[in-house]
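K.L.:
need coordinates for the below:
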Amino acid sequence: MEAGVNPLIDPPPDDRFEVRPSLIPGAGLGVFARADLPAGAELEVVGVLVRRDSPADRCTHFADHHKFRVGADLLLIPMGLGGLVNHAADANLERVEHPGRVVLRTRRPVAAGEELVFSYSESARRRLGLA
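P.N.:
The predicted structure follows:
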């Protein structure tokens, strides 16, 4: 591995996706498919794992509405494309948890140019004023 490159924080580019203004009013940026994606395609949520209620969790309170729960005791602070995926009730992605990591997986085929969205948890929707 190249010195100074952390694979968790600085993943290689994934040409299947691009970031551009979201089609969802008020959402800011969104993640879009650059190519047709089959059902089951995965976007890994890359970031930093912290323990719930730890000093690291409290120091990153500004990112609370972006954190993903991983198991009972860990939170993943996204630092890549996964943190830019917006909420929609009619989601084309689903959250899948693997030991120590989270992926967003396409629930159905997604056409090139389509915005990728998933349904946030109830608590996240409340924090963001979406529920």
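K.L.:
residues contacting stretch 104-120, please?
P.N.:
For stretch 104-120, contacts defined as CB atoms under 8 Å, 6 or more residues apart in numbering pick out 17, 22-24, 30-43, 45, 82, 85-96, 128, 130. Yep, even glycine has a C-beta here, placed from its N, CA and C like the rest.
K.L.:
and that stretch, average pLDDT?
P.N.:
For stretch 104-120, the per-residue pLDDT values average out at 94.
K.L.:
ditto for stretch 51-60
P.N.:
Averaged across stretch 51-60, pLDDT comes to 89.
K.L.:
and for it, what's in contact with it?
P.N.:
Residues outside stretch 51-60 that contact it (CB under 8 Å, 6+ apart): Val50, Lys67, Asp73, Leu74, Leu75, Ile77.
K.L.:
repeat that with 7 Å
P.N.:
The list of residues contacting stretch 51-60 from outside it, by CB atoms under 7 Å, 6 or more residues apart in numbering, reads Val50, Asp73, Leu74, Leu75, Ile77.
K.L.:
OK, contacts around the residue lying closest to Phe68 once chain neighbours are set aside?
P.N.:
Nearest residue to Phe68, sequence neighbours excluded (CB to CB, 6 or more residues apart in numbering): Leu76, at 4.3 Å. Leu76 is in contact with Val45, Gly47, Leu49, Lys67, Phe68, Val70, Val102, counting by CB under 7 Å, 6+ apart.
K.L.:
try 8 Å
P.N.:
Contacts of Leu76 (CB under 8 Å, 6+ apart): Val45, Gly47, Val48, Leu49, Lys67, Phe68, Arg69, Val70, Arg101, Val102.
K.L.:
which SSE is it in?
P.N.:
Here Leu76 is covered by strand 74-78, with elements defined by DSSP states H and E.
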